[in-house]
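Undergrad: sharing a sequence plus its predicted fold:
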Amino acid sequence: MNKCSRIHLQVFGRVQGVGYRFNCYRQACSLGLTGWVRNLPDDSVEIVAEGSAAALKAFSAWCRKGPLFADVEHVTEAPEPASGEFPVFEIKDEYD
């Protein structure tokens, strides 16, 4: 797949301890995205994803809702230059 776009998101609210990272991983994989997701010390979740513009738009919309038990309050999103550096989408260990 042509890695044409990249977004960097930070998700705030009740997003840790509710399966957000795992469900984010599943969603990203189903859309053919690469990148990573991790928890941050401030209880938010950080995500970097690369893929087609259409897939990233759908993914961003999902991130703003999250899984069933999440309560997303707000999301910051910034486009970045795609690098093609990620072979897959992965869940990173917290805070690395």
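TA: Yep, it's here.
Undergrad: centre of the chain to the longest helix along the chain, how far?
TA: Residue-count comparison of every helix in the chain, with assignments taken from DSSP state H, identifies helix 53-65 as the longest. Averaging C-alpha positions (CA atoms, centre = their mean, to the nearest Å) puts helix 53-65 9 Å from its chain's average.
Undergrad: name the SS class of the residue nearest the centre of the chain, please.
TA: The central residue of the chain, meaning the one whose C-alpha is nearest the mean C-alpha position (CA atoms, centre = their mean), is I47 at 3.7 Å. Using DSSP: H, G, I helix; E, B strand; the rest coil, the structure places I47 in strand.
Undergrad: gap between it and E73?
TA: 16 Å (CB to CB, to the nearest Å). C-beta here means a position set from N, CA and C on the backbone, and glycine is covered the same way.
Undergrad: the residue nearest to the centre of the chain contacts W62, correct?
TA: No: the criterion here is CB atoms under 8 Å, and I47 misses it with W62 at 10.6 Å.
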